[in-house]
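A.B. asks: Here you go, sequence then predicted model.
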Protein chains: 2
Amino acid sequence: MMDERKKKVLQAIVLDYIATGEPVGSRTIARRYHLGVSPATIRNEMADLEELGLIEQPHTSAGRIPSDRGYRYYVDFIMKKEELKPYEKEYIQRRFNEKMREIEQVLEYATAVISEMTNYAAIAVGPFRSRVSFKKIELLPIERGQALLLVVTNTGLVDHRILSIPNTINEVDLRRISKVLTARLKGLALEELKRSVLDDIYHQFAAEKEVCRLALELLEQIFNLEGNEEVYLDGTLNILQQPEFKKDVEKVRKILAFLEREDAIRRLLVENPNIGLTVKIGQENAAYNIRECSVISINYQLGGETIGSMGIIGPTRMNYARVIPILEFVANTLSAALTKIYGRE
Amino acid sequence: MMDERKKKVLQAIVLDYIATGEPVGSRTIARRYHLGVSPATIRNEMADLEELGLIEQPHTSAGRIPSDRGYRYYVDFIMKKEELKPYEKEYIQRRFNEKMREIEQVLEYATAVISEMTNYAAIAVGPFRSRVSFKKIELLPIERGQALLLVVTNTGLVDHRILSIPNTINEVDLRRISKVLTARLKGLALEELKRSVLDDIYHQFAAEKEVCRLALELLEQIFNLEGNEEVYLDGTLNILQQPEFKKDVEKVRKILAFLEREDAIRRLLVENPNIGLTVKIGQENAAYNIRECSVISINYQLGGETIGSMGIIGPTRMNYARVIPILEFVANTLSAALTKIYGRE
DNA sequence: GTTAGCACTCTGTGTTTAAGAGTGCTAAAC
DNA sequence: GTTTAGCACTCTTAAACACAGAGTGCTAAC
């Protein structure tokens, strides 16, 4: 059904359309890609490919463009990944060698590198709650009636909230509470912070019940939320450069509005199964607003365990063969960098 | 030179153009705004207004549109501010009544309210370094060789960095250093954190010089930067709704790219003189990329002292009479809310 | 000073035309 | 049976053109 020549023709159409953004005709293929057959033959093949739903015609007298299914077939069965140039690999690695202490920064760098090298929008979602554990919890007095709740995780993430406390509580009390909280929660994964655990800790306190309750409540607020993973974003304006969107501001608006919604991006990336790389093409995306986009995502690891996900969003007419190796390489480099900084625990 | 009738005509042109986005002709004015004179008379007035540089013609047979100077004249001498509706005032106030502890959140709310009510992009810049002082500095042990530097300011802002420390330093040492740092820096404005002060503190330490040096270095890094003020942004995509930009994606890109640059926004708002409200129309803006936009900004206060600035960016064809009262009211409400939370110090 | 009238200008729109690109089909060649 | 040349046909795009509509500026009359 899909013989070698059909694949060649489909490949030619995909490559040419990715390069030019213009529908591709049989003559163009015959001229530019040396398949050794005449335009007429290519036309016959194209008719077949259209029948198979792999390419389509914007209108009768135009060339063909790949359909979502066409891109899918290309990605799955035809595409040859473009090996990165040595200097490109070096460049990426250098960007991760700069001294970084906090995971936030690492992920910011990652999205920046990706969007820079691909010219698409880069997204990433921070360490999954299942893979991040508490390292230290501290209550610090700020002034009368106010304390700062501080949480440090094993990934270097620091979060804090201010809370009101009774005037009767002093610094020593707070320190004691901190000690207990840290002792009880250290090593616990964020997602394990369930009501039951909190209640358990709460009951353990004899005095200072009130402060403890407030602190636990805040902790729950911060970490027990579905999707509290941090979202990172870079190069969103690259969308505006894409010729398919130059003409239609409304489409651009939809996509940019989508990218502004952190929960949407989180869902996009968290859905990612545990296998390495995922390519979602056009309609394959659940989200309606990006059904003219492709999303490629990949997980990254800390000490061998998947702790997050990153990817890019661009038009379906995307340079898959180039983007995928970049993503893979960045994910590897990122994983290595993370493991180097935070080690295996 | 600018008699009453000329003002009326200019006003009609500005109002109509703001409302419709279409060039305004003499007939339209005569029909819609009852000035009691014929189109011909209005034409004569328009010729004068054009001579004065207050309006211009996109092309010979089109109506007139206000020039930047025309808007300027309108804003300065003609415009009547639209009083806010009671329910609008209530709405704004309610949004600031929700419980807020940190200044970041207050400013996020402010930009959200403004962009929501005006449909332009809202910007704000966080408390000026001259008005924010240190409240507490704390060094916390995280694990062997790592400590967390934590800074709390009088505006509730909390910042933190992780730093490497010699293994020999223990928790007690850190606490002692924290005490000294807090004692020495408390009440000091961020912008007063000069080399000399840091050196002075440094010399005071007998032992633990290394840790202290690192901590001071970090402090300097965080706070001594020109423009470390936080920048807030909301409703940037409203730009895409403006008809004058619907056609030209390139213009939109320039503006959105401008808005992505925090330093640019900071400069825009920090330039703001100490008087209340500033209106910069089109070319009056120093930044080239927003020379087709107007920027309106206003300061907000904490306990009577200006501590920051906020505003909106939109097309020069902006509803000044509505936007300005909204900004004024939000700034007042915000100032009140801040003063209520952080009080006068 | 104001206004009616009018010639003039320019844009925007719709229509027509022509060129160009591309197709599908048929019939001949391989 | 597959490939290809040839050709008629379709559709888009761009250019050319006409024309209605909006608006102006000027002049002369009120």
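C.D. replies: Happy to help now that I have it.
A.B. asks: Number of residues surrounding the closest residue to DNA strand D within the stretch 101-250 of chain A?
C.D. replies: Of the residues in the stretch 101-250 of chain A, the one nearest DNA strand D is A:K247, at a distance of 10.4 Å by CB to the nearest atom of the strand. Where C-beta positions appear, they are placed from N, C-alpha and C, glycine not excepted. A:K247 has 10 neighbours, counted by other CB atoms under 10 Å in any protein chain shown.
A.B. asks: what sits against it?
C.D. replies: B:V249 (CB atoms under 8 Å, 6 or more residues apart in numbering or on different chains).
A.B. asks: Could you tell me how far it is located from A:G21?
C.D. replies: Here A:K247 is placed at a distance of 11 Å from A:G21 (CB to CB, to the nearest Å).
A.B. asks: neighbouring contacts of stretch A:10-18?
C.D. replies: Outside stretch A:10-18, the residues touching it (CB under 8 Å, 6+ apart) are A:22-24, A:28-29, A:32-33, A:35, A:46, A:49, A:54-55, A:64-66, A:70-71, A:73-74, A:78, A:317-319.
A.B. asks: Same question for stretch A:73-83.
C.D. replies: When contacts are taken as CB under 8 Å, 6+ apart, the neighbours of stretch A:73-83 outside the stretch itself are A:2, A:7, A:10-11, A:14, A:54, A:66, A:279, A:281, A:320-322, A:324-325.
A.B. asks: hmm, which of those residues are the buried ones?
C.D. replies: The neighbour count (16 or more other CB atoms under 10 Å in any protein chain shown) marks A:7, A:10-11, A:14, A:54, A:66, A:279, A:281, A:320-322, A:324-325 as buried among the contacts of stretch A:73-83.
A.B. asks: okay, now the domains of chain A?
C.D. replies: Chain A breaks down by automatic domain parsing into domains covering A:4-78, A:86-126+A:229-342, A:134-223.
A.B. asks: can you list those in a markdown table and add mean pLDDT and distance to B:E230?
C.D. replies: Output for these, formatted as a markdown table (pLDDT from 0 to 100; distance: least, CB to CB, whole Å):
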| stretch | mean pLDDT | distance to B:E230 |
| --- | --- | --- |
| domain A:4-78 | 92 | 40 |
| domain A:86-126+A:229-342 | 90 | 16 |
| domain A:134-223 | 82 | 15 |
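A.B. asks: Distance to B:V158 for the ones you listed - can I get that in CSV?
C.D. replies: As requested, the domains of chain A are exported to CSV (distance: least, CB to CB, whole Å):
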stretch, distance to B:V158
domain A:4-78, 46
domain A:86-126+A:229-342, 15
domain A:134-223, 5
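A.B. asks: picking up where we left off before, among the contacts of stretch A:10-18, which lie within helices?
C.D. replies: Among those, the ones falling in helices (DSSP state H) are A:28-29, A:32, A:46, A:49, A:70-71, A:73.
A.B. asks: Pull out the buried members of those residues.
C.D. replies: Neighbour-count burial (16+ other CB under 10 Å) applied to these gives A:28-29, A:46, A:49, A:70-71, A:73.
A.B. asks: Kindly report the residues of chain A close to DNA strand D.
C.D. replies: Near DNA strand D, the residues belonging to chain A are A:36-38, A:40-41, A:44, A:59-62 when assessed by CB under 7 Å from any atom of the strand.
A.B. asks: what about the residue in chain A that DNA strand C sits nearest to, how many residues close to it?
C.D. replies: Distance from DNA strand C to each residue of chain A (CB to the nearest atom of the strand) is smallest for A:G25, at 2.7 Å. By the measure other CB under 10 Å, the count of residues near A:G25 is 19.
A.B. asks: How about A:H203?
C.D. replies: Count around A:H203 with other CB under 10 Å applied: 10.
A.B. asks: Report the secondary structure state of it.
C.D. replies: The three-state label given to A:H203 by DSSP: H, G, I helix; E, B strand; the rest coil is helix.
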